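[1] coordinates only, sequence not included:
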């Protein structure tokens, strides 16, 4: 009997985007760590023989200094997806014209630089709206992956605000980042959105622990490992068990800072979790992948989406106004 699928994706948030999110000065100069991170990540993934999906920010692809590294990702056989152009976590406030320009500009430059046309999207900070879904469907995208069905979104936002240098106005723009408590009750398994024009778009949520609806993607596992490695594995084992008994095929999320520490990216040493060394993070990542690989077929987002569409039989949900 074949194992259920688990898709792996990495949101390619660059140094400037972390600084922008936290209100740090100097982000407008668009400092980048792609020259350090990309070769590091590709080597780790090659050692594990893994192919994943990289959600790329269009603004990074627009800079000549980054292009060779983004091309390396595609040349290594990894899947490429769209993570917006400006990486703004208030994407849900965009008008339809603004949204179309944002998606199109990112799509075009990512395609030009990597040679691969994105067919999937994830909003920065899990930001999404009915407008976004309609634009993606009209553009012919296969899927959206912007929803995070968790009940701890408000707590994550509170912590984020308390550790940032954001102004009152900037906090207002970001007041829905990480979602509302009610988002924890959204569907956890994949489903189809149905737009006003009767177009369908697959939603592949970032998987949280079934029943409890708390995240278990790598950032959280690394945090727990700082308390206890055994506790981290217990937490992961519970998540795997609940996914299997509920027949939930996970979409497992990664971020650059999950694989690299402040020892290599010294300019982000202030960021949570950057006190963990790159060596330690890679060790945890490999341990987690080995565990997940025992229970699931590890694939990229497109492989997972194709399998889901082949199976069909999913529920359809009306796109919200």
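    That came in fine, so what should we check first? Just so you know, these numbers come straight off a predicted model, no measurement behind them.
[2] for the chain, what helix or strand is lowest in average pLDDT?
    helix 153-162 (a mean of 66; mean pLDDT, DSSP states H and E).
[3] Correct me if wrong: residue 44 contacts residue 283.
    No - the pair residue 44 / residue 283 is not scored as a contact, 10.4 Å apart, by CB atoms under 8 Å. Heads up, the C-betas are built off the backbone N, CA and C, glycines and all.
[4] So these two - more neighbours on which side?
    residue 44 (18 against 14; other CB atoms under 10 Å).
[5] what about that one, distance to residue 74?
    From residue 44 across to residue 74, the span is 17 Å (CB to CB, to the nearest Å).
[6] ok, which stretches of the stretch 1-150 of the chain are helices?
    For the stretch 1-150 of the chain, applying DSSP state H, counting those that start in this stretch gives helices covering 15-21, 34-48, 58-62, 64-75, 96-114, 130-139.
[7] In a markdown table: these, plus distance to residue 271 and mean pLDDT.
    Shown next, in a markdown table, are the helices of the stretch 1-150 of the chain (distance: least, CB to CB, whole Å; pLDDT from 0 to 100):
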| stretch | distance to residue 271 | mean pLDDT |
| --- | --- | --- |
| helix 15-21 | 6 | 89 |
| helix 34-48 | 14 | 97 |
| helix 58-62 | 18 | 98 |
| helix 64-75 | 20 | 98 |
| helix 96-114 | 24 | 98 |
| helix 130-139 | 27 | 96 |
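[8] Dump those to JSON lines, plus distance to residue 187.
    Formatted as JSON lines, the helices of the stretch 1-150 of the chain follow (distance: least, CB to CB, whole Å):
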{"stretch": "helix 15-21", "distance to residue 187": "27"}
{"stretch": "helix 34-48", "distance to residue 187": "30"}
{"stretch": "helix 58-62", "distance to residue 187": "29"}
{"stretch": "helix 64-75", "distance to residue 187": "30"}
{"stretch": "helix 96-114", "distance to residue 187": "23"}
{"stretch": "helix 130-139", "distance to residue 187": "14"}
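[9] Adjacent strands (with direction) for the helix or strand harbouring residue 317?
    Assigned by DSSP states H and E, residue 317 falls within strand 316-318. Applying DSSP bridges to the sheet, strand 316-318 is found paired with strand 191-194 (parallel).
[10] Just the mean pLDDT for the partner strand, thanks.
    In this model, strand 191-194 has a mean pLDDT of 93.
[11] continuing past that strand, what's the next helix or strand?
    Later in the chain than strand 191-194, the nearest helix or strand by DSSP H and E is strand 200-203.
[12] buried set for the helix or strand following that next one?
    Next along the chain after strand 200-203, taking DSSP H and E as the criterion, comes helix 218-227. By 16 or more other CB atoms under 10 Å, the buried positions in helix 218-227 come out as 218-222, 224-225.
[13] And those, which is closest to residue 212?
    Nearest to residue 212 out of those is residue 220 (CB to CB; 12.2 Å).
[14] Which residues are in contact with that closest one?
    When contacts are counted by CB atoms under 8 Å, 6 or more residues apart in numbering, residue 220 touches 214, 235.
[15] per-residue confidence for it?
    With respect to pLDDT, residue 220 scores 94.
[16] I'd like the buried residues of helix 218-227 as JSON lines, with distance to residue 190 appended.
    Shown next, in JSON lines, are the buried residues of helix 218-227 (distance: CB to CB, whole Å):
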{"residue": "218", "distance to residue 190": "21"}
{"residue": "219", "distance to residue 190": "22"}
{"residue": "220", "distance to residue 190": "21"}
{"residue": "221", "distance to residue 190": "23"}
{"residue": "222", "distance to residue 190": "26"}
{"residue": "224", "distance to residue 190": "27"}
{"residue": "225", "distance to residue 190": "29"}
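[17] And the residues you listed, which is closest to residue 33?
    Of the buried residues of helix 218-227, the one sitting nearest to residue 33 (CB to CB) turns out to be residue 219, at 16.9 Å.
[18] So the closest residue to residue 277 other than its chain neighbours: helix, strand or coil?
    Closest residue to residue 277 apart from its sequence neighbours, by CB to CB, 6 or more residues apart in numbering: residue 261 at 4.7 Å. Assigned with DSSP: H, G, I helix; E, B strand; the rest coil, residue 261 falls in the coil class.
[19] Residue 261 and residue 273: what is the separation?
    Residue 261 sits at a distance of 8 Å from residue 273 (criterion: CB to CB).
[20] Those two: who's more crowded?
    More crowded of residue 261 and residue 273, by other CB under 10 Å: residue 261, with 23 against 16.
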